[in-house]
Structure formats: structure tokens, C-alpha cells
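Participant: Return atomic coordinates for the entry below.
(one chain, ligands or ions: 1)
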Amino acid sequence: MEELKPRPASCSPFTPLGFLERAATVYGDCTSIIYNDTSFTWSQTHRRCLQLASSLSSSGVGIGHVVSVLAHNIPAMYELQFAVPMSGAVLNNINTRLDGRTVSVLLRHCEPKVLFIDTLSRSLALEAISLFPHNKTPPQLVYINDNDEATVDSRFWCTYENLVEKGDPNFKWVRPKSEWDPIVLNYTSGTTSSPKGVVHSHRGIFTMTIDSLIDWEVPKQPIYLWTLPMFHANGWCYPWGMAAVGGTNVCVPKFDASIIYNLIKKHGVNHMCGAPVVLNMLSSSPEIKPLENSVKILTAGAPPPAAVLSRTESLGFVVSHGYGLTETAGLVVSCAWKRKWNKLPATERARLKSRQGVRTLALTEADVVDPQSGLSVKRDGSTVGEIVLKGASVMLGYFKDPIATEKCMKNGWFYTGDVGVMHADGYMEIKDRSKDVIISGGENISSVEVESVLYTHPAINEVAVVARPDQYWGETPCAFVSLKTGLTRKPSEQDIVQYCRAKLPHYMVPKTVVFKDELPKTSTGKIQKFVLRDIAKGTGPSSSSSSRVSQPRTRM
Ligand SMILES: Nc1ncnc2c1ncn2[C@@H]1O[C@H](COP(=O)(O)OP(=O)(O)OP(=O)(O)O)[C@@H](O)[C@H]1O
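Facilitator: Numbers count the residues shown, from 1 in each chain. You can find the predicted model right below:
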């Protein structure tokens, strides 16, 4: 059979962009997008994307260019996920919650031809541009005038609707020549260091999109609420996924629990995604409205504490839990649910569900390895190692950073920097990010494990545990805690320590507890542990006694 080779008929490059054309054929008169009082059908969305791509193309934007977008979850943001790559350019969504200086640094790094800005991001974008040095040409600014009262001045090239109106609805969109051509450039959240520019190919995004639909069992024509920012790793590929299944995208630019509950009811939302912080806000909000029908919610991005999972499920949400990175374009490991687990008590179900799980269908392999030897760790649920992945949705690499790219790609694997264990049943569980592990007297302490105990305390709203330098132990756990509102009695530092002592080995118990009204978060809702670590460091080294009994172990 050696003479049978791939032929053009079997080799057309994979791309997720074709899903839109198909959606217009199959679901043409069905609702594609709802935003306040505006709605579109899939035929309209298809036409508007072609027109926008055509305008970009006739303005000289295309292959080899980057086009950036600084916008919230509004219809234009959805359309741009298709329209920019349909012009041949690479799409770069920028996090709207960054500060002007960081946005400016990112823009100078990726050098876009055009920057799309919505009303809510206008002053942020203009500040970022004002920080450009004189010898750097800023991008052309396109204003998405989603608010009729906003004015367009000479700083802007044109408005979004101008571009849509003047474009050709019969434009032949630019198909990738190779499926390895870049389609998106996404910056990481910057949880552990400065954001890195991750580049993905059409092939990677196509695979991740299909995989995400299968893994979460998304049916045809779901009603999908955009509680996950589309700028965060392209909303885990669900913008393209919703076109594939003809879903209705309910747009909401900002998270507010009361608005979310109203939208769920008004539009019959049945699917949504969000980081664990979203689950926490939904389940601890005073605005909780009983769900009339169950809503599937997919969570990832940070470890979801079992207590938050139970609370969310008790309201009628059906939670699925997955794990991924900007570098994998979406969720590549998920806690594949077994029917027999439904019979278990709620706390046990939540404990199982808080594990990250097994590789999704399209990922080739996932493992936990010893970072020195590269060999798989024991499947005992306690030997820690680094999580490594391989498969089609692993990024092409970091933009303009070959050293960082080489550093995380070794022996055919992508090294995630996440510390985990492999359980005997083949499910993996994250114990920490390597930078967040606390090393106390030679013992590795998983901050996530300490946090999961603290999350069961009835007065605690949010918690993060970080290392505080210690004269004797090297480091000790320091817990930053925000309390629930309306408590009749607030716990003291000692109460919290006692609570942990009853549930954790002594060496894991926080030696310091700091109360804060709110914990600092990244724009994607992750607690900024590096900020808290600096605060803990700033308080000076603790000087705990050496009376603790523990056998020092070597670090990982
Ligand atoms: N289900 C999960 N449980 C625990 N942690 C998770 C989960 N999903 C994702 N994460 C964490 O999020 C990380 C990926 O996040 P993202 O790509 O948004 O940027 P970041 O890693 O937070 O930022 P940076 O790389 O700039 O520090 C993973 O490496 C992991 O630490």
C-alpha cells in the first residue's frame, strides 16, 4: 500500500474558520448572538465577518500581520474571532483588565497593524498608545462604537461599523496555505511572571475546538452565556465551537451575579464557562435565584476547591472540571465523570471532581514525571512530579522567545510547570505550580491542599496560601483570607490556625493568617500569589520555634 500517498483531496488544511460558513447554511435563520436588545442570525454573522475581513484585506492587512483587539464580550468581539483570521492576519486578543503600561508593552511586542477598541477599553487603549516611544509606529485604531453616544475623533482610523458596511459580502476569505500557519497570538495571564506570547496554528485550534465540544458533550444549538472572557485563551476555543454547533452566544461584557442569574432565566441559558472564582461568586452571591433548569458550567484555570464545587452543584449547576493552559489553547485534561460516582455522597463527589483528571480524546498523552529523570512518577496519589503533555493543540511556540520555547519543550513533551500527582486510577491531580510550592524544613507543602481545607471553613470567602520566609524552617505557610460578608462573629487568626490544626498535619498549618477585604487577582480571575508572596516577605521572616517534629525530605 506504500504507493498510496496523501493527495490534495485529502490534505486540505484544518481550520476552524470554515465552521462559520457551515453554520450559515445549517442554522442561517437561527440566533447566533444576543446582546441587550440586539440579536443576529448565523447568516448575518457570516456576512458581517466576510465584510469585515474584506475591508481589512483591501486596507492592506493580511498574511504576516497581527491584528489586536481590546474588547469585552460584545458581538464585535465574537465576530473578530473569525473576521481577523479570515483576512489572513493573526488575531491577538488583549486582556481588558491589564493596566495601560502592560497593554503598551504587549502592543510593542506584537506590533499589530490595527487595534480594535470597544467603548469600555477606550481610555485604557489610548493610555497604552500614549506610552509608545516616538520611534515606534502605533497601530491604526478602529473604534467599536457599541455605545451610540461615544464620539470618534482624529485619533481613530474609522469605526467598526464603517469597516463592516464597506466590505464585500462575497469576499473569498483567506484560507491557510498550511494548517501549521499561525491563527492566534495569545498572551498568558501573567500569574507567575510577565505574560508570554503564545502562538497557535489553524490545526491546533481546529483540534482543540472539536475536542472541547466532544469532551464537554456540547449538544447542537446550546444557549451559551459568555461568562468567560473571550480574550482568555480565546474563550477556550468556544467562539469557534459555538459556530460548529449553531449555538446562541449570549454576550455580557462584565460579570455581575445578579445579571448572570437574570440572563440565565431570560434566555434559557444551558451552558457557560468560568474560572473557579466565577463559581464562588455565583454560589455565594446574595442574588442567588433558584435555577429553573439545570445549567452546565465548565470550570478551569485554577484549582476549584471541593467546597466551592459542592456549593455550586447544590444550586442546580452541573459542574465539569478541566485543565489547560494558554499554551494548549484550551482544556486538554478533564475530570471524566463515571456514572457510578453519582451514587456517592456529595462531599465525596466534589473531592473526586476537584481532581484535574485524564487527557481528552485529542491529546496524545499526558503524564506526571520526575523533572530530573523524565520518568513517570509512581501512580500512588502522593509522589509529586511535573505535568507534561503532548498533542496537536500544544502551541507552535512563544513569539520572539526561542529560549523560553526550547525550555518548556523537551524530549517530545511540553513541560507545564505545574506540580501534580498521578492517582492509582490514572487520574492526575494538581498540587501546585512549581513556583507556589512551599518548602518548609525540607518538606514540600502544596498550597492548594492547605487552601482546600481552609475553603471548608464556614466564614471564609476566599483564601490563598503562600510562602513566608522563616528563620528556622526556611519557609512557612502564610494564609491570606477574605471573609464572607454579614458574619455575626468574625474568626480570629488563632481560630483559623486551630481549625487547620484539627484537619492538617502540623507542618502544613499556616503559621500566619492575614485578613484582607479582597485578594489581588489577575485579569483572568486567578489570585496573584506573587503579590501576596511579596507582602508576606515584606512582613519580615517569621521566627517559629524548632519544636515541630518532621523528617526533612529532599525537594522535588
Ligand atoms: N483545573 C485546574 N486546576 C488547577 N490549576 C489550573 C487548572 N486549569 C488551569 N490551571 C492553572 O492555570 C495555568 C494556565 O493558565 P494561563 O495559561 O491562563 O496563564 P498563567 O499560567 O496563569 O500565567 P503565566 O504563565 O503568565 O504565569 C496552568 O499552568 C495551571 O497552573
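Participant: What is the end-to-end distance of stretch 22-34?
Facilitator: Counting by C-alpha to C-alpha, to the nearest Å, you get 20 Å between the two ends of stretch 22-34.
Participant: sorry, that was for stretch 297-311
Facilitator: End-to-end distance (C-alpha to C-alpha), stretch 297-311: 13 Å.
Participant: please begin residue numbering at 54 from this point
Facilitator: In the new count, where the first residue is 54, that last one comes out as stretch 350-364.
Participant: any idea how far it is from the chain center?
Facilitator: 13 Å (C-alpha atoms, centre = their mean, to the nearest Å).
Participant: buried residues in it?
Facilitator: By neighbour count on 16 or more other C-beta atoms under 10 Å, the buried set for stretch 350-364 is 350-364. For every residue, glycine as well, the C-beta is placed using N, CA and C.
Participant: what ranges of the stretch 504-609 of the chain fall below the confidence cut-off?
Facilitator: 576, 593-609 (pLDDT under 70).
Participant: Return the set of residues that bridge with the nearest residue in space to residue 388 that is not next to it in sequence.
Facilitator: Ranked by C-beta to C-beta, 6 or more residues apart in numbering and with sequence neighbours excluded, the top spatial neighbour of residue 388 is residue 410, at 3.6 Å. For residue 410, the beta-bridge partners are residue 481 (DSSP bridges).
Participant: how far away is residue 410 from the ligand?
Facilitator: 9 Å (C-beta to the nearest ligand atom, to the nearest Å).
Participant: Now do the contacts for that residue.
Facilitator: By C-beta atoms under 8 Å, 6 or more residues apart in numbering, the contact set of residue 410 is 374, 375, 376, 386, 387, 388, 389, 480, 481.
Participant: Which strand residues bridge the first one?
Facilitator: Listed by DSSP bridges, the beta-bridge partners for residue 374 are residue 352.
Participant: from memory it sits against residue 409, does it?
Facilitator: Yes - applying C-beta atoms under 8 Å, one finds residue 374 in contact with residue 409, separated by 7.1 Å.
Participant: Please tell me I have it right and residue 184 contacts residue 159.
Facilitator: No - applying C-beta under 8 Å, one finds residue 184 not in contact with residue 159, separated by 11.4 Å.
Participant: the more surrounded of those two?
Facilitator: residue 159 (23 against 15; other C-beta atoms under 10 Å).
Participant: Show the residue spans covered by the strands in the stretch 454-603 of the chain.
Facilitator: 462-463, 466-475, 481-486, 491-493, 496-498, 513-523, 527-536, 565-568 (DSSP state E, counting those that start in this stretch).
Participant: who are the neighbours in contact with the residue in the stretch 254-403 of the chain that the ligand sits nearest to?
Facilitator: Residue nearest to the ligand within the stretch 254-403 of the chain (C-beta to the nearest ligand atom): residue 379, separated by 3.4 Å. By C-beta under 8 Å, 6+ apart, the contact set of residue 379 is 239, 240, 241, 242, 249, 251, 286, 448.
Participant: what does residue 406 give?
Facilitator: Contacts of residue 406 by C-beta under 8 Å, 6+ apart are 357, 359, 362, 372, 374, 388, 390.
Participant: Could you restrict the residues you listed to the ones contacting the ligand?
Facilitator: residue 374 (C-beta under 6 Å from any ligand atom).
Participant: In helices, which of the contacts of residue 406 appear?
Facilitator: Judged by DSSP state H, the contacts of residue 406 include 359, 362 as members of helices.
Participant: Show me which of the contacts of residue 406 is closest to residue 134.
Facilitator: Distance to residue 134 across the contacts of residue 406 (C-beta to C-beta) is lowest for residue 374, with 24.7 Å.
Participant: what's around that closest one, how many residues?
Facilitator: For residue 374, using other C-beta under 10 Å, the count is 26.
Participant: what's the pLDDT at it?
Facilitator: Residue 374 is assigned 95 on the pLDDT scale.
Participant: Residue 147 versus that one, what's the distance?
Facilitator: Counting by C-beta to C-beta, to the nearest Å, the separation of residue 374 from residue 147 is 27 Å.
Participant: Residue 222: which element?
Facilitator: Residue 222 belongs to no helix or strand when elements are defined using DSSP states H and E.
Participant: Am I right that it is in contact with residue 102?
Facilitator: No - using C-beta under 8 Å, residue 222 makes no contact with residue 102, being 9.8 Å away.
Participant: Which of the helices and strands in the protein ranks last by mean pLDDT?
Facilitator: strand 496-498 (a mean of 80; mean pLDDT, DSSP states H and E).
Participant: Which other helices and strands does that one contact?
Facilitator: Contacts defined by 3 or more C-beta pairs under 8 Å, 6 or more residues apart in numbering; DSSP states H and E place strand 496-498 against strand 491-493.
Participant: The strand it packs on: partners in the sheet, and parallel or antiparallel?
Facilitator: Partners of strand 491-493 in its sheet, by DSSP bridges: strand 496-498 (antiparallel).
Participant: Which other helices and strands does the one helix or strand residue 262 maps to contact?
Facilitator: Residue 262 belongs to helix 255-268 when elements are defined using DSSP H and E. For helix 255-268, the elements it packs on are strand 235-240, helix 291-298, strand 383-387, judged by 3+ C-beta pairs under 8 Å, 6+ apart.
Participant: residues of the second one that come out buried?
Facilitator: Residues of helix 291-298 classed as buried: 291, 292, 293, 294, 295, 296, 297, 298 (neighbour count, 16+ other C-beta under 10 Å).
Participant: Adding pLDDT and distance to residue 92, write the residues you listed out as a markdown table.
Facilitator: Below are the buried residues of helix 291-298 laid out as a markdown table (pLDDT from 0 to 100; distance: C-beta to C-beta, whole Å):
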| residue | pLDDT | distance to residue 92 |
| --- | --- | --- |
| 291 | 98 | 19 |
| 292 | 98 | 17 |
| 293 | 98 | 20 |
| 294 | 98 | 20 |
| 295 | 98 | 14 |
| 296 | 98 | 16 |
| 297 | 98 | 20 |
| 298 | 98 | 18 |
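Participant: now those residues in CSV, with distance to the ligand?
Facilitator: Shown next, in CSV, are those (distance: C-beta to the nearest ligand atom, whole Å):
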residue, distance to the ligand
291, 15
292, 17
293, 18
294, 18
295, 21
296, 23
297, 23
298, 23
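Participant: Most widely separated two among those?
Facilitator: Largest pairwise distance in the buried residues of helix 291-298, by C-beta to C-beta, is 12.0 Å, between 292 and 298.
Participant: Could you identify the longest helix within the chain?
Facilitator: The chain, longest helix under DSSP H: helix 95-111.
Participant: Which residues does it contact?
Facilitator: By C-beta under 8 Å, 6+ apart, the residues outside helix 95-111 that reach it are 73-74, 76-77, 79-83, 85-86, 93, 115, 120, 131-133, 135-137, 139-142, 167, 213, 216-224, 226-227, 296, 299.
Participant: same check, this time on stretch 442-450
Facilitator: By C-beta under 8 Å, 6+ apart, stretch 442-450 touches 233, 235, 251-254, 256-258, 260-261, 264, 379-383, 385-386, 412, 415-419, 458, 462, 465-467, 469.
Participant: Residue 121 should be in a strand, yeah?
Facilitator: Yes - under DSSP: H, G, I helix; E, B strand; the rest coil, residue 121 sits within a strand.
Participant: so what's it up against?
Facilitator: 145, 146, 147, 160, 163, 165, 167, 168, 169, 192.
Participant: Over to the closest residue to residue 211 other than its chain neighbours. Which of the three states is it?
Facilitator: Nearest non-adjacent residue to residue 211, counting by C-beta to C-beta, 6+ apart: residue 195, 6.0 Å away. Assigned state for residue 195: strand (three-state reduction, three-state DSSP).
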